[in-house]
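Undergrad: Sharing a model that was predicted from the sequence below.
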Amino acid sequence: MWQNSDETTLMWFGLLFSILGIGSHFFTVSGEVVPGMPVHFTSAQQMTGHFLDRTAQCLVEVNYLRPCRHTLETLCFYYALETFHARMAEFSSYVVLGIMIRVAMRLGYHRDARHYPIISTFDGEMRRRLWLMIFQLDLTVSAQVGLSPMIREGETDTAEPLNLLDTDIDEGMTELPQQRPYSHASAITYVIFKVRLLRELGSIMNQLNSVEPPSYDEVLRLDGNLLEAHAKLPPALTMQPRNLSTTGSVDLVLRQFALEVTFQKSRCMLHRKYLLPGKVNPGYRYSRTACIDAAMKMLNIQITFDEASQPGERFSEEQWRNAGSFHQDYILAAMIICLDIARGTRPVARANPTTEEIDTTWPRNERLHALEKSYAVWKKSSSNSILASKATEALRVMLKDLGSCQTITEDTPAVPIPSSRSLPRFGESSRKPHSCHSPY
(Lines give C-alpha, C1' and ligand atoms only; values in the text may rest on other atoms or scores of the structure.)
Protein backbone atom coordinates (compact mmCIF):
# COMPACT_ATOMS: atom_id res chain seq x y z
CA MET A 1 0.00 0.00 0.00
CA TRP A 2 2.74 2.48 0.97
CA GLN A 3 4.72 1.64 -2.20
CA ASN A 4 1.81 2.78 -4.38
CA SER A 5 -0.29 5.16 -2.32
CA ASP A 6 -2.03 6.55 -5.40
CA GLU A 7 -3.90 3.27 -5.69
CA THR A 8 -5.12 3.49 -2.07
CA THR A 9 -8.49 5.14 -1.52
CA LEU A 10 -8.63 8.30 0.57
CA MET A 11 -11.41 6.74 2.64
CA TRP A 12 -9.02 3.94 3.61
CA PHE A 13 -6.74 6.61 5.06
CA GLY A 14 -9.74 8.05 6.91
CA LEU A 15 -10.37 4.64 8.44
CA LEU A 16 -6.71 4.40 9.43
CA PHE A 17 -6.78 7.88 11.01
CA SER A 18 -9.90 7.02 13.01
CA ILE A 19 -8.33 3.82 14.37
CA LEU A 20 -5.16 5.68 15.33
CA GLY A 21 -7.29 8.36 17.03
CA ILE A 22 -9.19 5.83 19.13
CA GLY A 23 -5.93 4.14 20.11
CA SER A 24 -4.37 7.43 21.22
CA HIS A 25 -7.55 8.34 23.11
CA PHE A 26 -7.33 5.15 25.14
CA PHE A 27 -3.74 6.01 25.99
CA THR A 28 -4.89 9.47 27.12
CA VAL A 29 -7.56 8.28 29.53
CA SER A 30 -5.55 5.33 30.80
CA GLY A 31 -2.76 7.62 31.97
CA GLU A 32 -0.13 5.50 30.23
CA VAL A 33 2.71 7.05 28.29
CA VAL A 34 2.63 6.56 24.55
CA PRO A 35 5.84 4.74 23.58
CA GLY A 36 7.76 6.65 20.95
CA MET A 37 5.58 9.79 20.89
CA PRO A 38 5.90 11.42 17.45
CA VAL A 39 7.87 14.67 17.61
CA HIS A 40 4.95 16.65 16.16
CA PHE A 41 2.80 16.00 19.24
CA THR A 42 3.25 17.01 22.86
CA SER A 43 0.61 14.66 24.28
CA ALA A 44 -1.64 11.75 23.39
CA GLN A 45 -4.62 14.07 23.72
CA GLN A 46 -3.24 16.40 21.07
CA MET A 47 -2.59 13.41 18.84
CA THR A 48 -6.19 12.24 19.31
CA GLY A 49 -7.52 15.61 18.18
CA HIS A 50 -5.23 15.60 15.17
CA PHE A 51 -6.40 12.16 13.97
CA LEU A 52 -10.02 13.12 14.61
CA ASP A 53 -9.67 16.18 12.38
CA ARG A 54 -7.93 14.16 9.66
CA THR A 55 -10.73 11.57 9.78
CA ALA A 56 -13.36 14.28 9.29
CA GLN A 57 -11.30 15.78 6.46
CA CYS A 58 -11.19 12.47 4.61
CA LEU A 59 -14.95 11.97 5.04
CA VAL A 60 -15.66 15.41 3.59
CA GLU A 61 -13.11 15.23 0.77
CA VAL A 62 -14.54 11.96 -0.50
CA ASN A 63 -18.11 13.10 0.30
CA TYR A 64 -19.59 10.69 2.81
CA LEU A 65 -23.03 11.27 1.26
CA ARG A 66 -21.84 9.30 -1.75
CA PRO A 67 -20.61 6.29 0.20
CA CYS A 68 -17.97 3.94 -1.15
CA ARG A 69 -15.90 1.17 0.43
CA HIS A 70 -14.85 1.93 4.04
CA THR A 71 -17.19 4.96 4.31
CA LEU A 72 -19.53 3.38 6.84
CA GLU A 73 -16.74 1.92 8.96
CA THR A 74 -14.98 5.30 8.99
CA LEU A 75 -18.19 7.08 9.99
CA CYS A 76 -18.68 4.62 12.84
CA PHE A 77 -15.18 5.14 14.18
CA TYR A 78 -15.52 8.91 13.71
CA TYR A 79 -18.75 8.84 15.70
CA ALA A 80 -17.12 6.81 18.47
CA LEU A 81 -14.10 9.09 18.59
CA GLU A 82 -16.24 12.25 18.74
CA THR A 83 -18.26 10.69 21.55
CA PHE A 84 -15.16 9.65 23.49
CA HIS A 85 -13.57 13.05 22.90
CA ALA A 86 -16.75 14.79 24.15
CA ARG A 87 -16.77 17.33 21.35
CA MET A 88 -20.39 16.78 20.33
CA ALA A 89 -23.49 17.71 22.27
CA GLU A 90 -25.92 14.88 22.90
CA PHE A 91 -28.33 15.89 20.16
CA SER A 92 -25.47 16.55 17.71
CA SER A 93 -24.37 12.98 18.36
CA TYR A 94 -27.90 11.83 17.58
CA VAL A 95 -27.85 13.72 14.26
CA VAL A 96 -24.51 12.21 13.21
CA LEU A 97 -25.91 8.79 14.10
CA GLY A 98 -28.79 9.54 11.73
CA ILE A 99 -26.26 10.10 8.95
CA MET A 100 -24.63 6.76 9.74
CA ILE A 101 -27.97 4.97 9.59
CA ARG A 102 -28.94 6.48 6.22
CA VAL A 103 -25.54 5.72 4.74
CA ALA A 104 -25.83 2.13 5.97
CA MET A 105 -29.28 1.78 4.44
CA ARG A 106 -28.11 3.26 1.15
CA LEU A 107 -25.41 0.59 1.11
CA GLY A 108 -28.02 -2.09 1.79
CA TYR A 109 -26.93 -3.08 5.29
CA HIS A 110 -30.57 -3.16 6.42
CA ARG A 111 -31.18 -6.13 4.09
CA ASP A 112 -29.58 -9.47 4.82
CA ALA A 113 -26.60 -10.43 2.71
CA ARG A 114 -28.36 -13.57 1.49
CA HIS A 115 -30.27 -11.34 -0.93
CA TYR A 116 -27.04 -10.39 -2.70
CA PRO A 117 -25.14 -13.34 -4.22
CA ILE A 118 -22.27 -11.02 -5.12
CA ILE A 119 -21.48 -10.53 -1.41
CA SER A 120 -19.07 -13.16 -0.09
CA THR A 121 -19.82 -15.31 2.94
CA PHE A 122 -17.25 -13.47 5.01
CA ASP A 123 -18.40 -9.99 3.98
CA GLY A 124 -22.01 -10.97 4.60
CA GLU A 125 -21.31 -11.96 8.18
CA MET A 126 -19.25 -8.81 8.79
CA ARG A 127 -22.11 -6.70 7.42
CA ARG A 128 -24.45 -8.36 9.93
CA ARG A 129 -22.07 -7.49 12.74
CA LEU A 130 -21.76 -3.87 11.65
CA TRP A 131 -25.52 -3.46 11.22
CA LEU A 132 -26.07 -4.96 14.69
CA MET A 133 -23.73 -2.34 16.16
CA ILE A 134 -25.54 0.50 14.36
CA PHE A 135 -28.90 -0.92 15.41
CA GLN A 136 -27.66 -1.01 19.01
CA LEU A 137 -26.49 2.61 18.85
CA ASP A 138 -29.83 3.71 17.42
CA LEU A 139 -31.77 2.11 20.26
CA THR A 140 -29.38 3.38 22.94
CA VAL A 141 -28.97 6.99 21.78
CA SER A 142 -32.65 7.40 20.88
CA ALA A 143 -33.58 6.42 24.43
CA GLN A 144 -31.06 8.93 25.80
CA VAL A 145 -32.58 11.83 23.85
CA GLY A 146 -36.13 10.64 24.55
CA LEU A 147 -37.11 9.88 20.95
CA SER A 148 -38.25 6.76 19.16
CA PRO A 149 -35.58 4.72 17.31
CA MET A 150 -34.86 5.82 13.75
CA ILE A 151 -34.70 2.26 12.40
CA ARG A 152 -38.14 0.69 12.12
CA GLU A 153 -38.38 -3.06 12.55
CA GLY A 154 -40.43 -3.53 9.37
CA GLU A 155 -37.70 -1.94 7.25
CA THR A 156 -34.93 -4.42 7.98
CA ASP A 157 -34.51 -8.18 7.73
CA THR A 158 -30.79 -8.41 8.45
CA ALA A 159 -30.23 -11.57 10.47
CA GLU A 160 -28.34 -11.68 13.75
CA PRO A 161 -24.68 -12.56 13.30
CA LEU A 162 -23.70 -16.01 14.47
CA ASN A 163 -21.99 -16.50 17.80
CA LEU A 164 -18.51 -16.93 16.33
CA LEU A 165 -15.05 -15.82 17.35
CA ASP A 166 -12.97 -13.82 14.91
CA THR A 167 -10.74 -16.87 14.53
CA ASP A 168 -13.74 -18.90 13.33
CA ILE A 169 -14.11 -16.92 10.10
CA ASP A 170 -11.80 -15.84 7.31
CA GLU A 171 -12.07 -14.06 3.96
CA GLY A 172 -11.72 -17.22 1.91
CA MET A 173 -14.53 -19.17 3.54
CA THR A 174 -17.41 -20.40 1.38
CA GLU A 175 -19.85 -21.24 4.20
CA LEU A 176 -20.24 -20.27 7.82
CA PRO A 177 -19.32 -22.80 10.52
CA GLN A 178 -21.73 -23.99 13.18
CA GLN A 179 -22.05 -21.21 15.75
CA ARG A 180 -20.74 -21.67 19.26
CA PRO A 181 -23.23 -22.18 22.11
CA TYR A 182 -24.32 -19.01 23.91
CA SER A 183 -22.80 -20.39 27.07
CA HIS A 184 -19.53 -19.30 25.43
CA ALA A 185 -19.86 -15.62 26.33
CA SER A 186 -17.76 -13.90 23.69
CA ALA A 187 -17.88 -10.22 22.71
CA ILE A 188 -20.40 -10.93 19.95
CA THR A 189 -22.56 -12.93 22.39
CA TYR A 190 -22.79 -9.86 24.59
CA VAL A 191 -23.83 -7.62 21.70
CA ILE A 192 -26.46 -10.09 20.49
CA PHE A 193 -28.18 -10.27 23.89
CA LYS A 194 -27.80 -6.56 24.55
CA VAL A 195 -29.64 -5.81 21.30
CA ARG A 196 -32.38 -8.25 22.30
CA LEU A 197 -32.87 -6.27 25.50
CA LEU A 198 -32.66 -3.00 23.60
CA ARG A 199 -35.37 -4.14 21.19
CA GLU A 200 -37.71 -4.29 24.17
CA LEU A 201 -36.55 -0.82 25.23
CA GLY A 202 -37.29 0.38 21.68
CA SER A 203 -40.84 -0.96 21.96
CA ILE A 204 -41.20 0.84 25.28
CA MET A 205 -39.95 4.12 23.76
CA ASN A 206 -42.41 3.78 20.86
CA GLN A 207 -45.27 3.47 23.32
CA LEU A 208 -44.05 6.36 25.47
CA ASN A 209 -43.79 8.63 22.41
CA SER A 210 -47.13 7.58 20.96
CA VAL A 211 -49.83 10.27 20.72
CA GLU A 212 -52.20 7.66 22.12
CA PRO A 213 -51.02 6.67 25.63
CA PRO A 214 -50.80 2.89 26.02
CA SER A 215 -53.31 1.11 28.22
CA TYR A 216 -52.05 -0.38 31.47
CA ASP A 217 -52.61 -3.84 30.00
CA GLU A 218 -50.16 -2.89 27.24
CA VAL A 219 -47.67 -1.71 29.86
CA LEU A 220 -47.88 -5.07 31.59
CA ARG A 221 -47.47 -6.86 28.25
CA LEU A 222 -44.30 -4.89 27.52
CA ASP A 223 -43.09 -5.65 31.05
CA GLY A 224 -43.63 -9.37 30.44
CA ASN A 225 -41.66 -9.25 27.19
CA LEU A 226 -38.81 -7.41 28.92
CA LEU A 227 -38.68 -9.90 31.79
CA GLU A 228 -38.67 -12.77 29.32
CA ALA A 229 -35.76 -11.28 27.35
CA HIS A 230 -33.81 -10.79 30.58
CA ALA A 231 -34.54 -14.33 31.77
CA LYS A 232 -33.03 -15.71 28.55
CA LEU A 233 -29.61 -14.19 29.23
CA PRO A 234 -26.93 -16.88 29.41
CA PRO A 235 -25.76 -17.54 32.99
CA ALA A 236 -22.32 -16.17 32.11
CA LEU A 237 -23.87 -12.81 31.21
CA THR A 238 -26.23 -12.61 34.19
CA MET A 239 -25.09 -10.36 37.00
CA GLN A 240 -25.59 -11.50 40.57
CA PRO A 241 -26.47 -8.72 43.05
CA ARG A 242 -23.33 -6.87 44.13
CA ASN A 243 -21.21 -9.70 42.79
CA LEU A 244 -17.67 -9.11 41.59
CA SER A 245 -16.67 -12.72 41.29
CA THR A 246 -12.97 -13.27 40.75
CA THR A 247 -13.66 -16.25 38.51
CA GLY A 248 -14.65 -14.18 35.49
CA SER A 249 -12.58 -11.76 33.49
CA VAL A 250 -12.93 -8.01 33.95
CA ASP A 251 -14.45 -7.76 30.47
CA LEU A 252 -17.08 -10.35 31.36
CA VAL A 253 -18.07 -8.61 34.61
CA LEU A 254 -18.34 -5.27 32.82
CA ARG A 255 -20.64 -6.85 30.23
CA GLN A 256 -22.80 -8.24 33.02
CA PHE A 257 -23.02 -4.74 34.51
CA ALA A 258 -23.97 -3.20 31.15
CA LEU A 259 -26.71 -5.74 30.46
CA GLU A 260 -28.17 -5.34 33.94
CA VAL A 261 -28.20 -1.54 33.64
CA THR A 262 -29.97 -1.83 30.26
CA PHE A 263 -32.61 -4.08 31.81
CA GLN A 264 -33.19 -1.97 34.92
CA LYS A 265 -33.27 1.27 32.92
CA SER A 266 -35.97 -0.21 30.70
CA ARG A 267 -38.03 -1.10 33.79
CA CYS A 268 -37.66 2.45 35.09
CA MET A 269 -38.76 4.03 31.83
CA LEU A 270 -41.73 1.70 31.43
CA HIS A 271 -43.12 2.13 34.95
CA ARG A 272 -42.07 5.62 36.09
CA LYS A 273 -45.35 7.15 34.87
CA TYR A 274 -47.11 5.12 37.55
CA LEU A 275 -44.64 5.85 40.36
CA LEU A 276 -46.76 8.48 42.10
CA PRO A 277 -50.21 7.15 41.11
CA GLY A 278 -49.09 3.85 42.60
CA LYS A 279 -48.98 5.50 46.03
CA VAL A 280 -52.75 5.82 46.13
CA ASN A 281 -54.05 3.42 43.51
CA PRO A 282 -53.65 -0.31 44.28
CA GLY A 283 -54.03 -1.06 40.57
CA TYR A 284 -50.61 0.47 39.93
CA ARG A 285 -48.90 -1.15 42.92
CA TYR A 286 -46.80 -3.42 40.71
CA SER A 287 -45.45 -0.51 38.64
CA ARG A 288 -44.42 1.53 41.67
CA THR A 289 -42.66 -1.43 43.24
CA ALA A 290 -40.92 -2.35 39.98
CA CYS A 291 -39.82 1.24 39.34
CA ILE A 292 -38.25 1.73 42.78
CA ASP A 293 -36.68 -1.73 42.74
CA ALA A 294 -35.08 -1.06 39.33
CA ALA A 295 -33.84 2.39 40.35
CA MET A 296 -32.26 1.07 43.56
CA LYS A 297 -30.53 -1.75 41.71
CA MET A 298 -29.09 0.76 39.24
CA LEU A 299 -27.73 2.94 42.02
CA ASN A 300 -26.20 -0.11 43.69
CA ILE A 301 -24.49 -1.01 40.42
CA GLN A 302 -23.05 2.50 40.17
CA ILE A 303 -21.80 2.38 43.76
CA THR A 304 -20.39 -1.14 43.40
CA PHE A 305 -18.53 -0.25 40.22
CA ASP A 306 -17.07 2.88 41.84
CA GLU A 307 -15.90 0.95 44.90
CA ALA A 308 -14.26 -1.66 42.67
CA SER A 309 -12.50 1.11 40.71
CA GLN A 310 -10.57 2.49 43.67
CA PRO A 311 -6.76 2.07 43.81
CA GLY A 312 -5.85 -1.53 44.47
CA GLU A 313 -9.32 -2.84 43.64
CA ARG A 314 -10.27 -5.05 40.73
CA PHE A 315 -11.27 -2.30 38.28
CA SER A 316 -8.57 0.18 39.26
CA GLU A 317 -6.87 -0.28 35.88
CA GLU A 318 -10.15 0.22 33.98
CA GLN A 319 -10.59 3.96 34.52
CA TRP A 320 -10.87 4.50 30.77
CA ARG A 321 -14.24 2.79 31.04
CA ASN A 322 -15.56 5.36 33.49
CA ALA A 323 -18.99 5.17 31.86
CA GLY A 324 -19.53 2.36 34.36
CA SER A 325 -19.78 4.94 37.13
CA PHE A 326 -20.76 8.10 35.27
CA HIS A 327 -23.70 7.54 32.99
CA GLN A 328 -26.92 9.50 32.70
CA ASP A 329 -28.92 6.33 33.32
CA TYR A 330 -27.89 6.64 36.96
CA ILE A 331 -29.34 10.16 37.05
CA LEU A 332 -32.70 8.71 36.02
CA ALA A 333 -32.50 6.22 38.88
CA ALA A 334 -31.53 8.90 41.41
CA MET A 335 -34.36 11.21 40.33
CA ILE A 336 -36.91 8.40 40.73
CA ILE A 337 -35.75 7.69 44.28
CA CYS A 338 -35.61 11.41 45.13
CA LEU A 339 -39.14 11.96 43.83
CA ASP A 340 -40.53 8.97 45.68
CA ILE A 341 -38.94 9.93 49.00
CA ALA A 342 -39.94 13.59 48.62
CA ARG A 343 -43.59 12.70 47.98
CA GLY A 344 -43.46 10.14 50.75
CA THR A 345 -42.78 12.89 53.32
CA ARG A 346 -46.04 14.67 52.41
CA PRO A 347 -49.54 13.56 53.42
CA VAL A 348 -51.65 11.85 50.77
CA ALA A 349 -55.41 11.85 50.41
CA ARG A 350 -55.78 8.08 50.73
CA ALA A 351 -53.95 5.24 52.37
CA ASN A 352 -50.81 4.08 50.61
CA PRO A 353 -51.12 0.34 49.83
CA THR A 354 -47.48 -0.07 48.84
CA THR A 355 -45.68 1.81 51.60
CA GLU A 356 -45.17 -1.24 53.78
CA GLU A 357 -44.02 -3.38 50.85
CA ILE A 358 -41.49 -0.80 49.63
CA ASP A 359 -40.19 -0.07 53.13
CA THR A 360 -39.62 -3.77 53.69
CA THR A 361 -37.68 -4.31 50.47
CA TRP A 362 -35.91 -0.95 50.29
CA PRO A 363 -36.19 0.90 53.64
CA ARG A 364 -36.23 4.70 53.43
CA ASN A 365 -32.85 5.01 55.17
CA GLU A 366 -31.32 2.61 52.65
CA ARG A 367 -32.75 4.56 49.75
CA LEU A 368 -31.46 7.83 51.15
CA HIS A 369 -28.05 6.30 51.83
CA ALA A 370 -27.85 5.11 48.21
CA LEU A 371 -28.57 8.66 47.03
CA GLU A 372 -25.83 10.04 49.26
CA LYS A 373 -23.28 7.54 47.96
CA SER A 374 -24.34 8.24 44.37
CA TYR A 375 -23.85 11.95 45.06
CA ALA A 376 -20.34 11.23 46.32
CA VAL A 377 -19.53 9.23 43.17
CA TRP A 378 -20.66 12.05 40.88
CA LYS A 379 -18.93 14.74 42.95
CA LYS A 380 -15.51 13.13 42.54
CA SER A 381 -15.61 13.84 38.81
CA SER A 382 -17.59 17.07 38.84
CA SER A 383 -14.48 19.15 38.12
CA ASN A 384 -13.74 17.51 34.76
CA SER A 385 -17.10 16.27 33.47
CA ILE A 386 -20.10 18.34 32.40
CA LEU A 387 -22.48 15.47 33.07
CA ALA A 388 -20.99 14.82 36.51
CA SER A 389 -21.14 18.53 37.38
CA LYS A 390 -24.83 18.74 36.47
CA ALA A 391 -25.66 15.51 38.29
CA THR A 392 -23.79 16.67 41.40
CA GLU A 393 -25.68 19.94 41.55
CA ALA A 394 -29.06 18.29 40.99
CA LEU A 395 -28.45 15.69 43.69
CA ARG A 396 -27.07 18.31 46.07
CA VAL A 397 -30.27 20.35 45.83
CA MET A 398 -32.53 17.33 46.21
CA LEU A 399 -30.62 15.81 49.11
CA LYS A 400 -30.70 19.15 50.89
CA ASP A 401 -34.47 19.28 50.34
CA LEU A 402 -34.80 15.74 51.70
CA GLY A 403 -32.92 16.70 54.85
CA SER A 404 -29.98 14.39 54.21
CA CYS A 405 -27.65 13.99 57.15
CA GLN A 406 -24.67 14.09 54.78
CA THR A 407 -22.82 17.38 54.54
CA ILE A 408 -23.81 18.85 51.19
CA THR A 409 -21.54 21.66 50.06
CA GLU A 410 -22.20 24.21 47.35
CA ASP A 411 -18.66 24.49 46.05
CA THR A 412 -19.10 22.22 43.04
CA PRO A 413 -16.93 23.83 40.38
CA ALA A 414 -18.51 24.64 37.05
CA VAL A 415 -17.17 22.78 34.08
CA PRO A 416 -16.75 24.80 30.88
CA ILE A 417 -18.71 23.46 27.94
CA PRO A 418 -16.31 22.36 25.19
CA SER A 419 -16.74 23.70 21.72
CA SER A 420 -19.00 21.50 19.64
CA ARG A 421 -17.41 20.22 16.48
CA SER A 422 -18.95 17.80 14.06
CA LEU A 423 -18.87 16.93 10.40
CA PRO A 424 -18.89 19.94 8.06
CA ARG A 425 -22.05 20.74 6.16
CA PHE A 426 -23.42 18.00 3.94
CA GLY A 427 -21.40 17.69 0.78
CA GLU A 428 -19.04 20.54 1.73
CA SER A 429 -15.56 20.04 0.36
CA SER A 430 -12.54 22.13 -0.47
CA ARG A 431 -12.02 20.09 -3.63
CA LYS A 432 -14.41 19.68 -6.53
CA PRO A 433 -13.70 16.00 -7.34
CA HIS A 434 -15.47 13.48 -5.14
CA SER A 435 -13.26 10.53 -5.89
CA CYS A 436 -12.65 7.64 -3.53
CA HIS A 437 -8.96 7.67 -4.45
CA SER A 438 -6.14 9.51 -2.79
CA PRO A 439 -5.08 12.68 -4.63
CA TYR A 440 -1.50 12.26 -3.47
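TA: Structure received. None of the values given here were measured: they were computed from a predicted structure. Numbers count the residues shown, from 1 in each chain.
Undergrad: Helices along the stretch 251-400 of the chain, start to end?
TA: Assignment of helices within the stretch 251-400 of the chain using DSSP state H, counting those that start in this stretch yields the ranges 285-308, 328-344, 355-361, 364-380, 386-401.
Undergrad: And residue 378, how far from residue 367?
TA: Counting by CB to CB, to the nearest Å, the gap from residue 378 to residue 367 is 17 Å. C-betas here are computed from N, CA, C, even on glycine.
Undergrad: Sticking with the residue nearest the centre of the chain, tell me its helix or strand.
TA: Centrality entry for the chain: nearest residue to the mean C-alpha point is residue 140, 5.5 Å, by CA atoms, centre = their mean. Under the criterion DSSP states H and E, the helix or strand holding residue 140 is helix 121-145.
Undergrad: in the next helix or strand after that helix, what counts as buried?
TA: Where DSSP H and E defines the elements, the next helix or strand beyond helix 121-145 is helix 187-208. Of all the residues in helix 187-208, those buried under the rule 16 or more other CB atoms under 10 Å are 188-208.
Undergrad: pLDDT weak spots in the stretch 101-250 of the chain?
TA: Low-confidence regions of the stretch 101-250 of the chain, defined by pLDDT under 70, span residues 241-248.
Undergrad: do that again at 80, thanks
TA: Applying pLDDT under 80 to the predicted model, the residue ranges of the stretch 101-250 of the chain that meet it are 240-250.
Undergrad: who's in contact with residue 390?
TA: Residues near residue 390 by CB atoms under 8 Å, 6 or more residues apart in numbering: none.
Undergrad: Identify the nearest residue to residue 272 in space, disregarding sequence-adjacent positions?
TA: Closest residue to residue 272 in three dimensions, ignoring its sequence neighbours and counting by CB to CB, 6 or more residues apart in numbering: residue 291, at 5.4 Å.
Undergrad: cool, and residue 179?
TA: residue 162 (3.8 Å).
Undergrad: and what of residue 294?
TA: The shortest distance from residue 294 to any residue that is not its chain neighbour, by CB to CB, 6+ apart, is 3.7 Å, and that residue is residue 267.
Undergrad: Also residue 73?
TA: Residue 73 sits nearest to residue 15 (CB to CB, 6+ apart), 5.6 Å away.
Undergrad: just checking, the one you found touches residue 69?
TA: No: counting by CB atoms under 8 Å, residue 69 is not a contact partner of residue 15; they are 9.5 Å apart.
Undergrad: between the two, which one's more packed in?
TA: For residue 15 against residue 69, the residue with the higher neighbour count under other CB atoms under 10 Å is residue 15, and the figures read 23 against 13.
Undergrad: Any figure for the gap between that one and residue 22?
TA: Here the criterion is CB to CB. By it, residue 15 lies 11 Å from residue 22.
Undergrad: Report the set of residues contacting both of the two.
TA: The overlap between the contact sets of residue 15 and residue 22 (CB under 8 Å, 6+ apart) consists of residue 77.
Undergrad: So, low pLDDT: which residues of the stretch 251-400 of the chain?
TA: Per-residue confidence for the stretch 251-400 of the chain (pLDDT under 80) gives these ranges: 309-328, 343-361, 381-387.
Undergrad: Hmm, residue 334 is touching residue 395, no?
TA: Yes: between residue 334 and residue 395 there is a contact under CB under 8 Å: 6.0 Å.
Undergrad: Common neighbours of those two, please.
TA: Both residue 334 and residue 395 are in contact with 371, 374, where contact means CB under 8 Å, 6+ apart.
Undergrad: ok and the helix holding residue 140 relative to helix 187-208, angle-wise?
TA: With axes from the mean of the first three to the mean of the last three CA atoms, to 10 degrees defining the directions, helix 121-145 sits at 40 degrees from helix 187-208.
Undergrad: Now helix 121-145: buried residues?
TA: Applying a neighbour-count criterion of 16+ other CB under 10 Å, one finds 121-122, 124-144 buried in helix 121-145.
Undergrad: just to revisit the earlier point, the residue nearest to residue 294 touches residue 292, doesn't it?
TA: No: with contact defined as CB under 8 Å, residue 267 and residue 292 do not form a contacting pair (10.0 Å).
Undergrad: Counting neighbours around each, name which of those two comes out higher.
TA: More neighbours sit around residue 292 than around the other of residue 267 and residue 292, counting by other CB under 10 Å; the figures are 26 against 23.
Undergrad: list the contacts for the more buried one?
TA: By CB under 8 Å, 6+ apart, the contact set of residue 292 is 275, 336, 337, 340, 358, 362, 367.
Undergrad: Could you check how far it is from residue 258?
TA: Between residue 292 and residue 258 the distance is 22 Å, computed by CB to CB.
Undergrad: what's the answer for residue 197, then?
TA: If you measure residue 197 against residue 258 using CB to CB, the figure is 10 Å.
Undergrad: what's the answer for residue 43, then?
TA: 30 Å.
Undergrad: So for the two, which residue has more residues nearby?
TA: Regarding residue 43 and residue 258, a neighbour count based on other CB under 10 Å identifies residue 258 as having more, with 20 against 14.
Undergrad: Look up how far residue 35 lies from the more buried one.
TA: For residue 258, the distance to residue 35 (CB to CB) stands at 31 Å.
Undergrad: before we move on, what about residue 143?
TA: From residue 143 over to residue 35 the distance is 39 Å, taken as CB to CB.
Undergrad: same thing with residue 141?
TA: 35 Å.
Undergrad: now swap in residue 190 and tell me
TA: Between residue 190 and residue 35 the distance, using CB to CB, works out to 30 Å.
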